[in-house]
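Undergrad: Sharing a model prediction with you, sequence too.
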Amino acid sequence: MLEGKEVLIVEDDPVFRRMITGFLQSQGCETREAEDGLAGLRALRDGIPDILLCDLAMPVLTGMEFVEEVSLQYPMVPVIVISGTGEMADVANALRHGVKDFLVKPLDNIMVLKAALMSVLKAQDNSAEYSDFSSQLLQHDTAVDDELKWHIEELESNPDIARELLVGLMPETQSRQGDWQLNYCVLQSAEVLPVLLDYTWLMDGRLAFYLLDAESGGRRGAATVLLIRALFNDYLRKRMAFENDLNSMLAAIEQGMQQSGYAVPVRGLFGIFDACDRNLSVISVGSEAMLKTSEGERTMAAGEYLGQGARKNPVSEHVLPPSGARLSLSKIGTTNFSVTIQRLEAMKDAEDHPVVKAKTRFQ
């Protein structure tokens, strides 16, 4: 798969750069080199590679600045970061800019790089719309498993790092699609792993989302939530276009959790909102939830945890009024989390209502 692929290597360390170049050429790749981020941007103007490798600590233009520029100017170019820092804040930052994988120097096993390249290229060949560091969790190659094992052990032994990564993966507190807007508000302690929100607006007007309480999974909660994040996006890419069934989604996710060999049950909530008919489908997985609209309130029972047969939990169906709704998790320790889905023209009338003010604060 690597034969004939062009790789641009942006790295300021000449020794490491030449080592990577030599290995890639031995695999049949065509390579180009750049010694810093600015030179890397010039190289991209000269020609678009099949894949780009870069460091984070570079002169002139930092690696993170370079990655951000690439994501804006060349979003079609898949990027793999190879960095001397394994700081989870850096990992999270890179993920937010669309980096496909994050490897840590020194590369004790150079085959980890080959596995990462092949994984990214395979995703490109399959026209994947989503692939990043967490997509490693869906792979079963031995070299990738070695890298994944390091990350899992790091997350287990360093809860502060795990929390930093998950907080860094939180999306923007406000997102619009057509006439509708999503806001979320979270208040939670810095002493526990956070509740992670992820959502995707689909082309047909549907919004798919989930809330997961990483703390409920104990030491492996962070690694489990990252796996679910990958499984959720994999499901959206492969099956969501022709399915609208939360139970099928949870069945696929639970199967992936079981096959992983390390995932643990966690609690949270999954939902699909169809903006066309204002229908909201929600399934609670271990957490009680409250849906509040202008027409009243409705409580949803906790049900089984995700990973313990949550696919059998009942789906709660709601037709929202034009003013939308607020969905809140309850009884999750020190955390208060709510998501508001609201029609834009209704926002002016509710401007002073606290549920529509998007805030994120970690105490």
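TA: Nice, thanks for sending it over.
Undergrad: OK, contacts around the nearest residue to residue 275 once chain neighbours are set aside?
TA: Leaving aside its sequence neighbours, residue 275 sits nearest to residue 205 (Cβ to Cβ, 6 or more residues apart in numbering; 4.4 Å). For every residue, glycine as well, the C-beta is placed using N, CA and C. For residue 205, the contacting residues are 177-178, 274-276, by Cβ atoms under 8 Å, 6 or more residues apart in numbering.
Undergrad: what does residue 105 give?
TA: The contact partners of residue 105, taken as Cβ under 8 Å, 6+ apart, are 16, 82-84.
Undergrad: Give the ChimeraX command for selecting the buried subset of the residues you listed.
TA: Here is the ChimeraX command that picks out the buried ones among the contacts of residue 105, judged by 16 or more other Cβ atoms under 10 Å:
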select :16,82,83
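Undergrad: With neighbour count, distance to residue 60 and secondary structure added, can I get the contacts of residue 205 in JSON lines?
TA: Below are these laid out as JSON lines (neighbours: other Cβ atoms under 10 Å; distance: Cβ to Cβ, whole Å; DSSP: H, G, I helix; E, B strand; the rest coil):
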{"residue": "177", "neighbour count": "16", "distance to residue 60": "38", "secondary structure": "strand"}
{"residue": "178", "neighbour count": "11", "distance to residue 60": "42", "secondary structure": "coil"}
{"residue": "274", "neighbour count": "17", "distance to residue 60": "48", "secondary structure": "strand"}
{"residue": "275", "neighbour count": "19", "distance to residue 60": "45", "secondary structure": "coil"}
{"residue": "276", "neighbour count": "9", "distance to residue 60": "49", "secondary structure": "coil"}
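Undergrad: and which of those residues is nearest residue 189?
TA: Checking the contacts of residue 205 against residue 189 with Cβ to Cβ, the nearest one is residue 177 at 31.7 Å.
Undergrad: before we move on, back to that, of all the contacts of residue 105, which comes closest to residue 67?
TA: For the contacts of residue 105, the nearest to residue 67 is residue 83 (10.5 Å; Cβ to Cβ).
Undergrad: so the closest one makes contact with residue 57?
TA: Yes - with contact defined as Cβ atoms under 8 Å, residue 83 reaches residue 57; the gap is 7.0 Å.
Undergrad: most centrally placed residue in this structure?
TA: Centroid check for the chain by Cα atoms, centre = their mean gives residue 229 as the closest residue, at 5.5 Å.
Undergrad: so what's the backbone phi/psi at that residue?
TA: When read as degrees, to the nearest 10, the backbone of residue 229 gives phi -60, psi -40.
Undergrad: again with residue 295
TA: Dihedral angles (degrees, to the nearest 10) for residue 295: phi -100, psi 0.
Undergrad: who touches the residue nearest to it when sequence neighbours are not counted in this structure?
TA: Once flanking residues are discounted, residue 295 sits nearest to residue 321: 5.8 Å by Cβ to Cβ, 6+ apart. Residues in contact with residue 321 (Cβ under 8 Å, 6+ apart) are 278, 293-295.
Undergrad: Please, which helix or strand holds residue 257?
TA: helix 246-260 (DSSP states H and E).
Undergrad: Could you do residue 237 as well?
TA: If you go by DSSP H and E, residue 237 is part of helix 221-238.
Undergrad: Could you check the angle that helix makes with helix 246-260?
TA: Comparing the axes of helix 221-238 and helix 246-260 via axes from the mean of the first three to the mean of the last three Cα atoms, to 10 degrees yields an angle of 130 degrees.
Undergrad: How far away from the center of its chain is stretch 210-220?
TA: Here stretch 210-220 is found 15 Å from its chain centre; the criterion is Cα atoms, centre = their mean, to the nearest Å.
Undergrad: when you give positions from now on, start the count at 32
TA: New numbering, starting at 32: the last item is stretch 241-251.
Undergrad: mean confidence for that stretch?
TA: Averaging pLDDT along stretch 241-251 gives 92.
Undergrad: Equivalent analysis for stretch 35-53, please.
TA: Taken as a whole, stretch 35-53 has a mean pLDDT of 93.
Undergrad: so how far is it off the chain centroid?
TA: On the basis of Cα atoms, centre = their mean, stretch 35-53 sits 28 Å off its chain's mean C-alpha point.
Undergrad: next one: stretch 38-55
TA: Distance, centroid of stretch 38-55 to centroid of chain: 28 Å (Cα atoms, centre = their mean).
Undergrad: can you list contacts of it?
TA: Against stretch 38-55 from outside (Cβ under 8 Å, 6+ apart): 33, 60-68, 70-71, 74-75, 80-86, 88-90, 94, 97, 113, 136, 141, 144-145, 148.
Undergrad: isn't residue 371 right next to residue 355, touching?
TA: Yes - under the criterion of Cβ under 8 Å, residue 371 makes contact with residue 355 at 6.6 Å.
Undergrad: Filter the contacts of residue 352 down to just the ones in strands.
TA: Among the contacts of residue 352, the members found in strands (DSSP state E) are residue 324.
Undergrad: Pretty sure residue 216 sits in a strand.
TA: Yes - under DSSP: H, G, I helix; E, B strand; the rest coil, residue 216 falls within a strand.
Undergrad: Would you check that it makes contact with residue 368?
TA: Yes - in this structure, residue 216 is within contact of residue 368 by Cβ under 8 Å, at 7.4 Å.
Undergrad: and these two? which has more neighbours close in?
TA: The neighbour count for residue 216 versus residue 368, taken as other Cβ atoms under 10 Å, is higher for residue 368 (24 against 20).
Undergrad: ok, now which ones touch the more buried one?
TA: Contact analysis of residue 368 by Cβ under 8 Å, 6+ apart lists 215-219, 226, 228, 242, 359-360.
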